[in-house]
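*Asks:* task: produce atomic coordinates for the following.
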Amino acid sequence: MRQLKELTSLMIACSALVWLPQASKADYLTSTTSVGAGDNWNGLHWQTNGAGTLVGTPSAGNTYALIANGTAFGNNQGNTRTRNPTVSGVQTFGVIR
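*Replies:* Next up, the predicted model:
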């Protein structure tokens, strides 16, 4: 009887591990879009791992990168760039070094 009780306890402990929350993997999103005036990085400018459907509105926990689109840098050239949302008040930016 004691072995059955120990076996039951072990099975319950093992099954609890299955139900524990799993850490989700962050997405890597890239953009080669030239975001024009009046638009910002919340638009449909991001692709997961550089492929697939464009998605919008960045969210915390993901990594975002702008990738050169092959257009030379200059005025009205259409090179890769983004714009922050224009809102009043203090805006905070993260810098990766």
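*Asks:* the strands in this protein, which residues?
*Replies:* 28-31, 47-48, 63-66 (DSSP state E).
*Asks:* now these as TSV including distance to Val87 and mean pLDDT?
*Replies:* All C-beta spots, glycine's among them, are computed from the backbone N, C-alpha and C. Shown next, in TSV, are the strands of the chain (distance: least, Cβ to Cβ, whole Å; pLDDT from 0 to 100):
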stretch	distance to Val87	mean pLDDT
strand 28-31	21	92
strand 47-48	25	91
strand 63-66	19	92
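*Asks:* single out the most deeply packed of these.
*Replies:* Greatest average neighbour count among the strands of the chain goes to strand 28-31 (a mean of 18), per mean count of other Cβ atoms under 10 Å.
*Asks:* tell me the strands beside that strand, with direction?
*Replies:* Paired with strand 28-31 in the same sheet, following DSSP bridges, are strand 47-48 (antiparallel), strand 63-66 (parallel).
*Asks:* tell me which residues are up against that strand.
*Replies:* 45-50, 55, 58, 62-67, 80, 82 (Cβ atoms under 8 Å, 6 or more residues apart in numbering).
*Asks:* ok, the residues you listed vs Ser34, which is closest?
*Replies:* Thr80 (6.2 Å; Cβ to Cβ).
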